[in-house]
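Peer 1: give me the fold of what follows.
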Amino acid sequence: MERTSNLHTPATDKNLSGWINGFIGVVIFSASLPATRVAVQEFNPVFLTFARASIAGVLALCILLALKARRPDRSQLFSLLLVAIGVVLGFPLLTALALQHVTSAHSIVFLGLLPLSTAAFAVLRGGERPRPAFWFFSVLGSALVIAFAISQGLTASARGDMLMLLAVLICGLGYAEGAKLSRTLGGWQVISWALVLSLPIMATLACIVAPASFAGISPPAWFGLGYISVFSMLIGFFFWYRGLALGGIAAVGQLQLLQPFFGLALAATFLHETVTLGMFGVTGAVIVCVIAAKKFAATNKTQ
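Peer 2: Numbers count the residues shown, from 1 in each chain. Now for the predicted structure:
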C-alpha cells in the first residue's frame, strides 16, 4: 500500500496542481467580458485594446527582466506571433467591438465554443485525425449558437454576434498555439514574450488613438481597464498555461467549459444584466456538445 502511494503520488500531485492552476485561470478569465463591458462604455474599444496590451506588456517586460528569463529561440518566434495575434490583439479587439452591440451576458454564451475552437486548431496545428463524431458534435454546437443568436433577433445584433464568433475563432488559435509552445518555453514565458514582442506596436498605436482628455472617465471604467490589463491579459495566462502544461491540454482544457457559467453569474451580479433560462440552456447544450467532441478527438501526442 505504501509502495502504491509512492508510485502514484508525484503524478497525482502534478495533475492536481494542473487542475488547480487551470481553474484559477478560468475564474480570472470569466470576469474579462463583464470588465470589458464596463470599460468600453467610456473608452474607445480600439484604444482599450491597445492600452490593455501596452500595460500588460510593460509588466511582462519587468517580470522577464527581473527573473532573467531566457529568450525564445528563432524557431519559436512564429508561434509567439500567432499567440500575440490571437490573445493579445485579436480576441481583445473583437470582443471590445462586439460589446458595443451586445451585452456581456449575451456574448458569454459564445465562450461555450472556445474549447471547440481550441481543439480544432490543435487538430490543424498538431496534424491529428479526429473521428467523424467529433465533427458532428462540432457542427451541432455551432448550430446551437447560431440558433440562439437568431432567436435573440439576429438583425439587431448581427455585427456583435459575428464579431464574437471571430473572437472565439482567433482566440482558439492563440490558446492552442500557446499551449503547444508552453511545453518547451514555459507557461508564463509564452504570454510574457508575446506581450513584449507586441509592445512597440501596441504602445505606439495606443498613443495615436488615445483620447485628447481622460477627464470624466469614471472609476468603474478605470477598474475595468485595470482588470483586463493586469489579470485578463497577463496573470490569468500564468495560471492557465501552467495548468495546461502540468495537467495536459486535453484534460485541463475542459475547464474552459465552466467559463460561461462563471461569466453569466458575474454579469448578473455586478452589471445587473438579465440572464435568461434560454442563455443557460444554450450554454449547457453547447458545453455538452464540446465535451462529446473532445471525447472523439484523437490525440497523437503524449501528455
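Peer 1: which phi and psi values does the nearest residue to residue 231 once chain neighbours are set aside adopt?
Peer 2: The shortest distance from residue 231 to any non-neighbouring residue, by CB to CB, 6 or more residues apart in numbering, is to residue 28 (5.1 Å). In this view, the C-beta of every residue, glycine as well, is placed from N, C-alpha and C. Dihedral angles phi and psi of residue 28 (degrees, to the nearest 10) take the values phi -60, psi -40.
Peer 1: residue 28: neighbour count?
Peer 2: Residues within reach of residue 28, counting by other CB atoms under 10 Å, total 22.
Peer 1: isn't it right up against residue 234?
Peer 2: No - between residue 28 and residue 234 there is no contact under CB atoms under 8 Å: 9.8 Å.
Peer 1: what sits against residue 121?
Peer 2: Residues near residue 121 by CB atoms under 8 Å, 6 or more residues apart in numbering: 172-173, 175-177.
Peer 1: just those now: which is nearest residue 208?
Peer 2: residue 173 (26.3 Å; CB to CB).
Peer 1: now do the same contact list for that closest one.
Peer 2: Residues near residue 173 by CB under 8 Å, 6+ apart: 82, 85-86, 90, 117, 121.
Peer 1: among the residues you listed, who's most crowded?
Peer 2: The member of these that has the most neighbours, counting by other CB under 10 Å, is residue 117 with 27 neighbours.
Peer 1: in what helix or strand does that residue lie?
Peer 2: Secondary structure assignment for residue 117, by DSSP states H and E: helix 114-126.
Peer 1: quick one: buried residues of that helix?
Peer 2: Judged by neighbour count using 16 or more other CB atoms under 10 Å, the buried positions of helix 114-126 are 114-123.
Peer 1: can I get it in PDB, CA atoms only?
Peer 2: Only the C-alpha atoms of helix 114-126 are listed here, as PDB (Å, rounded to 0.1, in the frame of the first residue of the first chain):
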ATOM      1  CA  LEU A 114     -13.900  28.300 -27.000                       C
ATOM      2  CA  PRO A 115     -12.900  24.700 -26.100                       C
ATOM      3  CA  LEU A 116     -14.100  23.600 -29.600                       C
ATOM      4  CA  SER A 117     -12.100  26.300 -31.300                       C
ATOM      5  CA  THR A 118      -9.000  25.400 -29.300                       C
ATOM      6  CA  ALA A 119      -9.500  21.800 -30.200                       C
ATOM      7  CA  ALA A 120     -10.000  22.500 -33.900                       C
ATOM      8  CA  PHE A 121      -6.700  24.500 -34.100                       C
ATOM      9  CA  ALA A 122      -4.900  21.800 -32.000                       C
ATOM     10  CA  VAL A 123      -6.000  19.400 -34.800                       C
ATOM     11  CA  LEU A 124      -4.900  21.700 -37.500                       C
ATOM     12  CA  ARG A 125      -1.500  22.500 -35.900                       C
ATOM     13  CA  GLY A 126      -0.900  19.100 -34.500                       C
END
